[in-house]
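Just the structure for this:
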Amino acid sequence: MIYRPDYINAINPFIDAPLVKILAGVRRCGKSTILEMMKEELVKRSIAKENIISRKYNEMDVDDKFTAKDMYCELKNAIDGKGRCYLFLDELQEVDGWEKVVNSLLEGSDVDIYVTGSNSKLMSSEISTYLSGRYVSIPVYTLSFNEYLQFKGKAVSNAKDLIDEYIQFGGFPIIGIGNFDTQSAYQIVDGIYSTVITRDISRRHKIRNRDLFDRVVKFIIENIGKTFSANSIVNFLKSEKRTLSVETIYNYIKWLEEAFIIYPCQRYDLQGKAVLKTQEKYYLSDISFKYSKMGFDNKMVAAMLENIVYLEMKRRGYDVFIGKNGTKEIDFIGEKRGEKVYVQVCRELPADSTRETDNLMDVKDHYHKYVVAKDNLAAGNDNGIQIVHIADFLLKESW
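As a prediction, the model looks like this:
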């Protein structure tokens, strides 16, 4: 088990606080392992092992007959007479009504509760009725580049040698800790993808036309990092002599978001200082999803660099937007606690153009601005705009 200290550090302030700690992210991103790390953390704090109680509610362990009441009774029996207990409840989305159980335990028992799930409903308004003000959400992502280096046992000095590998393989921990060839790695990722699509979306939402759903998902994956709308998908399907309503496509997109296959990135108007409701983009929770469906192609690298930077900004707690500044676009604006960072991403710095820096030059404020490129010449400063190699940017402690 390789330590992921960023998540332990994020959870530590809330140990023994009367809050449910909710860890949510795409399947196989490492949530269960983080729970194991937290158990070790509690043991270090002299918590008796018998007071640390773990349950995993995956599909193999929970059938249709297992109810929220069964869950509550079983957990009550497990903690009875032990004093303060620490509950680690994994993949809770499989149990209907879990939030009522957690609320009842939080109110009526001496417990500290940690839960994980692979569906964003764990973090949505649907749980606010029962856990209003009594939970903290900690999003979990696949491996950052820094974590990838640790999983591979490589020093930071090898970063530029490993960045191509990271771009090609993505950040699922099972890939990072293994030594797979490209085909085997993508087969593993395709298995993760198929589980999410089948179990978390198709079956849960009773999708009848799976072939049409798969075609819509493929369109979205093909267009990651590009602007498209539900109407553009409708028109695309019409060109293939298929029919689907805009409402259905919106549902498909929402379900992909809930299962953490994609993340939305809204557009922010710098001049109007407002978030726009149109022309948002989507990014994958891990770039390897695209390769597992379409194979790896060097032509994809530019878009995948953008995806990698987007995820790194999310990991670091930024609210991330696409910047609209008049007719110009800035790839990303990150906002966190009143601070901003502006980022342009490109594969190579254009030799005969300053377009990457021009877009940032027009932003007249004092916040940090970066051009990030996978270009060995990417280093320097242009009128306050820092030009950095993608590996250096991902490993930089702060922006």
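
per-residue confidence averaged over the helix or strand hosting Asp392?
If you go by DSSP states H and E, Asp392 is part of helix 390-395. For helix 390-395, mean pLDDT rounds to 96.

Stretch 106-125 too?
On average, stretch 106-125 scores 85.

got the buried residues for that stretch?
For stretch 106-125, the neighbour count (16 or more other Cβ atoms under 10 Å) marks 106, 111-120, 122-123 as buried. Bear in mind the C-beta positions are built from the backbone N, C-alpha and C, glycine included.

Can you flag which of these belong to helices?
Leu106 (DSSP state H).

Would you point out the most distant pair within the buried residues of stretch 106-125?
Across the buried residues of stretch 106-125, no pair lies farther apart than Val111 and Ser120, at 24.5 Å, counting by Cβ to Cβ.

Poorly predicted segments of the chain, please.
Scanning the chain with the threshold set as pLDDT under 70 gives 59-61, 121-126, 128, 353.

Direction included, what does the longest strand along it pair up with?
Longest strand in the chain, counting residues (DSSP state E): strand 274-284. Counting by DSSP bridges, the strands paired with strand 274-284 are strand 262-269 (antiparallel).

Contacts for the strand it pairs with, please.
220, 224, 253, 256-257, 274-285, 310-311, 314, 320-324, 332-333 (Cβ atoms under 8 Å, 6 or more residues apart in numbering).

now do stretch 183-203
Here stretch 183-203 has contacts from 26-28, 59, 93, 118-119, 169-170, 172, 174-175, 178, 180, 207, 210, 213-214, 217, 255-256, 258-261, 286, 288-289, 291-293, 295-296, using Cβ under 8 Å, 6+ apart.

Please spell out which residues along it are buried.
Across stretch 183-203, burial judged by 16+ other Cβ under 10 Å covers Ala185, Tyr186, Ile188, Val189, Ile192, Tyr193, Val196, Ile197, Arg199, Asp200, Ile201, Ser202.

So which of those are in helices?
Going by DSSP H, the helices hold Ala185, Tyr186, Ile188, Val189, Ile192, Tyr193 from the buried residues of stretch 183-203.

Tell me the one of these nearest Ala155?
Closest to Ala155, out of all of these and judged by Cβ to Cβ, is Ala185, at 22.7 Å.

what about the closest one, distance to Gly171?
Using Cβ to Cβ, to the nearest Å, Ala185 is found at 11 Å from Gly171.

Mutual contacts of these two, please.
Ser288.

Which parts of this protein are strands?
Under DSSP E, the chain gives strands at 20-24, 52-56, 85-90, 111-117, 135-139, 262-269, 274-284, 319-325, 328-336, 339-346, 368-373, 379-382, 385-389.

hang on, the earlier thing: any chance of the buried residues of stretch 183-203 in TSV, with distance to Val156 too?
Converted to TSV, those look like this (distance: Cβ to Cβ, whole Å):
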residue	distance to Val156
Ala185	23
Tyr186	27
Ile188	27
Val189	26
Ile192	28
Tyr193	31
Val196	33
Ile197	36
Arg199	38
Asp200	36
Ile201	38
Ser202	42
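
biggest separation within those, which pair?
Ala185 and Ser202 (24.3 Å).

Ala373: what's it in contact with?
Going by Cβ under 8 Å, 6+ apart, Ala373 touches Val345, Cys346, Arg347, Glu348, Leu349, Glu356, Ile387, Val388, His389, Ile390.

how close does the nearest residue to Ser54 once chain neighbours are set aside sit to Ala78?
Take Ser54 and drop its neighbours on the chain: the residue closest to it by Cβ to Cβ, 6 or more residues apart in numbering is Phe88, 4.4 Å away. Using Cβ to Cβ, Phe88 is found at 12 Å from Ala78.

More neighbours: which of the two?
Using other Cβ atoms under 10 Å as the criterion, Phe88 and Ala78 rank with Phe88 on top: 21 against 14.

wait, Tyr166 sits on Tyr148?
Yes: in this structure Tyr166 lies within contact range of Tyr148 using Cβ atoms under 8 Å: 5.1 Å.

ok, back up a step: from the contacts of strand 262-269, keep the buried residues only.
Counted by 16+ other Cβ under 10 Å, the contacts of strand 262-269 give 220, 224, 253, 256, 280-285, 310-311, 314, 320-324, 332-333 as buried.

Number of residues surrounding Val234?
Neighbours of Val234 under the rule other Cβ under 10 Å: 17.

if I look at it, how far off is His205?
Counting by Cβ to Cβ - Val234 and His205 are separated by 19 Å.

for Tyr318, same thing?
Taken as Cβ to Cβ, the span from Tyr318 to His205 is 31 Å.

Show me the domain layout of the protein.
5-139, 297-399 (automatic domain parsing).

nearest to Asp161, of those domains?
That would be, of the domains of the chain and by Cβ to Cβ, domain 297-399, which comes in at 8.9 Å.

Now the terminal residues of the closest one, how far apart.
Using Cα to Cα, to the nearest Å, the end-to-end distance of domain 297-399 comes out at 30 Å.

Run the chain-centre distance for it.
A distance of 19 Å separates the centroid of the chain from that of domain 297-399, by Cα atoms, centre = their mean, to the nearest Å.

just stretch 173-183 next, same as before
Using Cα atoms, centre = their mean, the offset of stretch 173-183 from its chain centre is 19 Å.

residues of that stretch that come out buried?
For stretch 173-183, a neighbour-count test (16+ other Cβ under 10 Å) marks Pro173, Ile174, Ile175, Gly176 as buried.

hmm, back to that, so for Phe88 and Ala78, which residues contact both of them?
Residues touching both Phe88 and Ala78 (Cβ under 8 Å, 6+ apart) are Ile53.
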